[in-house]
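[1] return atomic coordinates for the entry below.
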Amino acid sequence: MLQASKILSEQQVITPLYQAKTPAMISPKVKGLIMNTAGVSNNWKYTYISE
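    Purely as a prediction, here's the structure:
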């Protein structure tokens with residue numbers, strides 16, 4: 001395990017230390033919502049409510 005850790009730390013370029021997340025509860029009736037991983041969090045352009 002020590003050897004694996006050493007290899008990882010030598011060959012790894014960037015280690016993400018923090019990733020922001022926002023929990024959200026979305027109704028199953030909401031359709032077309034695009035949840036982006038970078039930049040603007042949600043794209044509401046094609047979002048609609050189904051019945």
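[2] what are the contacting residues of stretch 25-34?
    42-51 (CB atoms under 8 Å, 6 or more residues apart in numbering). No exception for glycine: its C-beta is placed from N, CA and C like everyone else's.
[3] again, 6 Å this time
    43, 46-50 (CB atoms under 6 Å, 6 or more residues apart in numbering).
[4] stretch 38-51 too?
    29, 31-35.
[5] make it 8 Å
    Contacts of stretch 38-51 (CB under 8 Å, 6+ apart): 22, 27, 29-36.
[6] name the element the spatially most central residue of the chain belongs to?
    In the chain, the centroid-proximal residue (CA atoms, centre = their mean) is T37; its distance is 4.6 Å. Under DSSP states H and E, no helix or strand contains T37.
[7] how much space between it and E10?
    To E10, T37 is 29 Å away according to CB to CB, to the nearest Å.
[8] next: P28.
    P28 is 47 Å from E10, by CB to CB.
[9] now find how far off-centre the strand or helix carrying L8 is within its chain.
    L8 is part of helix 2-11, with elements assigned from DSSP H and E. Counting by CA atoms, centre = their mean, to the nearest Å, helix 2-11 is centred 27 Å from the centre of its parent chain.
[10] report the next helix or strand after that helix in sequence order.
    Helix 2-11 is succeeded, C-terminally, by strand 30-31 (DSSP H and E).
[11] partners of that following strand, with directions?
    Next to strand 30-31 in the sheet, as set by DSSP bridges, lie strand 48-49 (antiparallel).
[12] tell me the pLDDT of E51.
    Note for E51: predicted pLDDT of 88.
[13] repeat for T15
    pLDDT at T15 comes out at 69.
[14] what residue ranges in the protein score low on pLDDT?
    15 (pLDDT under 70).
[15] again, 80 this time
    Along the chain, segments meeting pLDDT under 80 span 8-9, 12-22, 37-41.
[16] for N43, give me phi and psi.
    phi -110, psi 110 (degrees, to the nearest 10).
[17] and it, how close does it get to Q19?
    In terms of CB to CB, N43 sits 20 Å off from Q19.
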